[in-house]
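**Student:** okay, predicted coordinates and the sequence, questions at the end:
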Amino acid sequence: MNDSAPFEPFPHYVDARKVFSQKGNFSGELGKEKFDRLPSLLVEGVFSVNAELRFSIGDRGRRMIEGNVDAQVSVACQRCLKPLELTLADDIRLALVQDEEAAEKLDNGIDPWIEAEYRLNPAQIVEEQLLLSMPLAAYHDEKECQIELPAPRANGALAAKQDPSPFAILKELKK
Ligand SMILES: [Zn+2]
């Protein structure tokens with residue numbers, strides 16, 4: 001699929017008029033300062049985000065953004081509020097579209113990236129994917145949690161049930 005163009009580090013912006021036909025390939029580590037919304041969901045601790053994005057023209061002239069993201073972040077455990085390290089990994093398969101109408105015409109397995117402007121921020125694309133792959137609430141393994149549970153049985157049952165995020169549900173519904 002891709003003619004192994006060399007990967008470049010992530011730029012602040014790419015120009016949507018050029019990056020697809022020029023098959024832009026970007027890969028590398030993204031620092032916390034690159035993200036707007038993600039840091040507010042995290043606590044002090046590990047932070048590393050590695051991502052790869054490939055821009056290309058696909059079937060029917062569709063402007064594709066594909067790649068993957070791999071991250072280690074620290075969030076607060078929703079039971080004991082102590083830091084909890086999360087590993088997030090996800091594949092990215094998006095098509096750039098200009099509006100909702102075009103988004104609805106996409107094939108299964110391709111998510112829309114709606115953007116009418118020429119300027120695309122690769123870090124924002126990576127961030128969105130990370131937010132989608134974050135659990136709604138994260139918990140330590142029960143034995144690692146650092147609080148006394150008053151009623152282990154009842155709480156245990158509750159904690160074991162990991163609800164999928166609303167985004168995951170949406171993704172499923174679209175299929
Ligand atoms: Zn905990």
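**Tutor:** It's in. Quick caveat, the model's predicted, so the values are computed rather than measured.
**Student:** going forward, measure contacts and count neighbours with C-alpha atoms only.
**Tutor:** OK.
**Student:** least confident secondary structure element in this protein?
**Tutor:** helix 152-160 (a mean of 50; mean pLDDT, DSSP states H and E).
**Student:** ok, the residue nearest to Arg63 when sequence neighbours are not counted - contacts?
**Tutor:** Distances taken as C-alpha to C-alpha, 6 or more residues apart in numbering place Ile57 nearest to Arg63, at 4.7 Å, with adjacent residues excluded. Applying C-alpha atoms under 8 Å, 6 or more residues apart in numbering to Ile57 gives the contacts 20-21, 23, 63-64.
**Student:** if any of those are buried, give me the ChimeraX selection for them.
**Tutor:** Selection of buried members from these for ChimeraX, criterion 16 or more other C-alpha atoms under 10 Å:
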select :20,23,63,64
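**Student:** measure the residue nearest in space to the middle of the chain to the ion for me?
**Tutor:** Centroid-nearest residue in the chain: Gln129, 1.8 Å away (criterion: C-alpha atoms, centre = their mean). Using C-alpha to the ion, to the nearest Å, Gln129 is found at 25 Å from the ion.
**Student:** now do the residue of the chain found nearest the ion against Leu94, distance only.
**Tutor:** Across the chain, no residue is closer to the ion than Cys145, which sits at 3.7 Å (C-alpha to the ion). Separation of Cys145 from Leu94 (C-alpha to C-alpha, to the nearest Å): 37 Å.
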